[in-house]
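> How does the following fold in three dimensions:
(one chain, ligands or ions: 2)
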Amino acid sequence: MNYEESKDYLKRYLKARIPVITINSSEKNRILRLIKEIQDELNYEFNMYSMSDGIVDLKTGNVVNEEKTLMSALDYISEEIRVKNNGNYILSDITDIASPNIVTRYLIDIISKAEHTSNVIIIISSENIWPNIEKLGIGMKLAYPTDIELRQTIIDTIKPYEDRIKVEWDDKDYTNAATYLQGLSEMEVKNIITSLIVTGEVLKSDLKELKYSKQKLFNDIAGLEAIEIEEDFDIAGLDNLKEWLKEKKVLIDPNRKEELSQRGIKPPKGVLLTGIPGCGKSLCAKAISNIFNIPLYRLDLATVQGEYVGQSERQLKEALDTAEYVSPCVLWIDEIEKGLDDHNSAITSKLIGQFLFWLQENKKPVFVVASANSIEKLPAELVRKGRFDEIFFVDLPNKEERRELLKLYGRKYLRVELRDELLEQLTDVTNGFASSDIEASMRNITYKLIANPDMRLTESVLIDELKRVVSISKTNPEKIEAIKSWGKSRAMPASKIIE
Ligand SMILES: Nc1ncnc2c1ncn2[C@@H]1O[C@H](COP(=O)(O)OP(=O)(O)O)[C@@H](O)[C@H]1O
Ligand SMILES: [Mg+2]
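Ligands and ions are numbered 1, 2, ... in the order given. From the prediction side, this is the model:
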């Protein structure tokens, strides 16, 4: 239930004079705000017990019972409801109410009295409440604030400081900040924003840190890890994949969320990248997080698998729940086949089923990027149409792509612009290279140049060095052929084909 819904229900329960309303939440302040709004709208009076103040009239703030122990508060309320009708009493900060004990039994006694005199006891607790108490009335749970509420909280927190500190954020930045922080309580969000305010400036670059602030609240989820990536890296080629991603970016943009859901458009589920090792699958997974501007989490299926009965399922559930909680995010499962080719095939197929079910049912913006080198090891149900939004095949770089790669790493490592004629030659020499072969050989040449100050970078040095490389097509031709023939028939090419 969100804030407005909760308020509506609570109003209804109060009007119906249900003797006990339990609210399970750790956000006491948010609930009190909600009750104060009801107090004004319905013109009801509330007395609230807390350990720090005893019992206070919520409207005036006047103390009505100074004694601070829970027992004396219960004595007071018990006496009040015996003689008065239609009162409302809030109990907050109370502990030890999960099981039968002196306090809970006393409460039950009070609640049955309250029922006869139309009094209402509201219990706010972050702990579980003894079911025998809940049974006498009704329980509510207040959901974490929505992104719209959080946006307001963030604005309200920053506003008082606006003319004293530098605030770079615009409307869109507020929306993005709220999206990044969704799943946190109002208090947690206020604290995070306040920690920005005290630095004296709220900058656009702070948003980057916010992206990962939720992650600090969970640390020990087996198999799930937040990956921080450098801002800029270039990907040569793979133009089909890049275009497809640009289209999907719109569907995951928090600023378009409202509009898209009104039109019944769901966020995309994800993509499976298959293909030849060293041609950019892992690189693309990281790039997607940059392109979408949402954080990246890596899920390692091998780590998720535990040795005890049910442990794997539980750990996978925990990891997927967490991914939903930190959404929007990219959930990256690298080399998915490795996590799934376990000797214990019963567990493996259970995990696949569980994962596919989640992929189907999940409504949160978690964009899954799975990558796989050897698809023959992948279970058929995973690659069936409709599981992912698309399956791409990443092939060896074609001629145009090799030229791009050579240019890219020539600039990056060698710090030179290779002239067109030479590029043409090198492009031919590198036929059959994986992208990583090109990257690695350009890097090696750079090492040599740095290590030997007398060596000069000439065209023949470049050509000779590249000719010496034993590329992936030479070391493992059968495997490459097998991957190619599968990929070409069953997946969308990641590159624009020009050969
Ligand atoms: N398309 C590409 N553009 C630029 N560099 C690339 C490309 N593909 C691969 N590389 C280089 O090769 C390395 C290995 O690529 P990677 O993405 O890990 O391959 P894999 O497909 O096996 O996951 C990358 O870190 C990068 O340096
Ligand atoms: Mg990889």
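> In three-state terms, label residue 145 for me.
Under DSSP: H, G, I helix; E, B strand; the rest coil, the three-state class of residue 145 is coil.
> State the helix or strand in which residue 406 lies.
Element membership for residue 406 (DSSP states H and E) is helix 399-409.
> show me what contacts the closest residue to ligand 2 within the chain?
In the chain, the residue that lies nearest ligand 2 is residue 282 (3.3 Å; Cβ to the ion). Any C-beta I mention is one placed from the backbone N, CA and C, and that applies to glycine too. With contacts defined as Cβ atoms under 8 Å, 6 or more residues apart in numbering, residue 282 is in contact with 334, 371.
> Check the secondary structure at it for me.
Quick answer, by three-state DSSP: residue 282 is helix.
> so how far is ligand 1 from it?
Residue 282 is 3 Å from ligand 1, where distance means Cβ to the nearest ligand atom, to the nearest Å.
> Which pLDDT value goes with that residue?
Listed pLDDT for residue 282 reads 93.
> Now do the lowest-mean-pLDDT helix or strand in the chain: which elements does it pack against?
Averaged element by element with mean pLDDT, DSSP states H and E, the chain has its least confident helix or strand at helix 336-340 (a mean of 80). The criterion is 3 or more Cβ pairs under 8 Å, 6 or more residues apart in numbering; DSSP states H and E, and the helices and strands that helix 336-340 contacts are helix 301-304, helix 345-361, strand 366-372.
> How far off centre is that helix?
The offset between the C-alpha centroid of helix 336-340 and the centroid of the whole chain comes to 22 Å, using Cα atoms, centre = their mean, to the nearest Å.
> Mean neighbour count, distance to residue 95 and mean pLDDT added to the helices and strands packed on helix 336-340, as TSV?
Supplementary listing: those in TSV, determined by neighbours: other Cβ atoms under 10 Å; distance: least, Cβ to Cβ, whole Å; pLDDT from 0 to 100:
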stretch	mean neighbour count	distance to residue 95	mean pLDDT
helix 301-304	19	35	84
helix 345-361	15	36	85
strand 366-372	25	36	94
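> nearest to ligand 1, of those?
Among the helices and strands packed on helix 336-340, the nearest to ligand 1 by Cβ to the nearest ligand atom is strand 366-372 (5.8 Å).
> What is the helix or strand following the closest one packed up against?
With elements assigned by DSSP H and E, the helix or strand that comes after strand 366-372 is helix 380-383. In this structure, helix 380-383 makes packing contacts with helix 345-361, judged by 3+ Cβ pairs under 8 Å, 6+ apart.
> Tell me how far the residue of the chain closest to ligand 2 lies from residue 332.
Distance of residue 282 to residue 332, given as Cβ to Cβ, to the nearest Å: 8 Å.
> residues contacting the residue of the stretch 51-200 of the chain found nearest ligand 1?
Closest residue of the stretch 51-200 of the chain to ligand 1, Cβ to the nearest ligand atom: residue 180 (26.4 Å). The contact partners of residue 180, by Cβ under 8 Å, 6+ apart, come to 207, 210-211, 213-214, 295.
> circling back to that earlier point, quick one: is the least confident helix or strand of the chain near ligand 1?
No: taking Cβ under 6 Å from any ligand atom as the criterion, helix 336-340 and ligand 1 are apart, separated by no less than 11.7 Å.
> May I have that helix as PDB, with CA atoms only?
Below are the C-alpha coordinates for helix 336-340, written out as PDB (Å, rounded to 0.1, in the frame of the first residue of the first chain):
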ATOM      1  CA  ILE A 336      25.800 -17.900 -18.000                       C
ATOM      2  CA  GLU A 337      26.700 -21.300 -19.300                       C
ATOM      3  CA  LYS A 338      29.400 -21.700 -16.700                       C
ATOM      4  CA  GLY A 339      27.000 -21.200 -13.800                       C
ATOM      5  CA  LEU A 340      24.600 -23.800 -15.300                       C
END
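> Name the residues of this protein found near ligand 2, please.
Residues of the chain lying near ligand 2 by Cβ under 5 Å from the ion: 281-282.
> Residue numbers of the chain in contact with ligand 1?
Among all residues of the chain, those adjacent to ligand 1 (criterion: Cβ under 6 Å from any ligand atom) are 235-238, 277-283, 371, 405, 435-436, 439.
> change it to 8 Å
Among all residues of the chain, those adjacent to ligand 1 (criterion: Cβ under 8 Å from any ligand atom) are 233-238, 273, 275-285, 334-335, 371, 373, 394, 397, 401, 404-405, 408-409, 434-436, 438-440.
> which residues in the stretch 51-200 of the chain form helices?
Under the criterion DSSP state H, counting those that start in this stretch, the stretch 51-200 of the chain carries helices at the ranges 70-83, 102-116, 131-134, 147-158, 171-181, 186-197.
> hey, which of the ones you listed is tucked in deepest?
Mean neighbour count, computed with mean count of other Cβ atoms under 10 Å, is highest for helix 171-181 among the helices of the stretch 51-200 of the chain, reaching a mean of 21.
> How far off centre is it?
On the basis of Cα atoms, centre = their mean, helix 171-181 is displaced by 14 Å from the centre of the chain it belongs to.
> and what of stretch 73-85?
A distance of 47 Å separates the C-alpha centroid of stretch 73-85 from that of its chain, computed with Cα atoms, centre = their mean.
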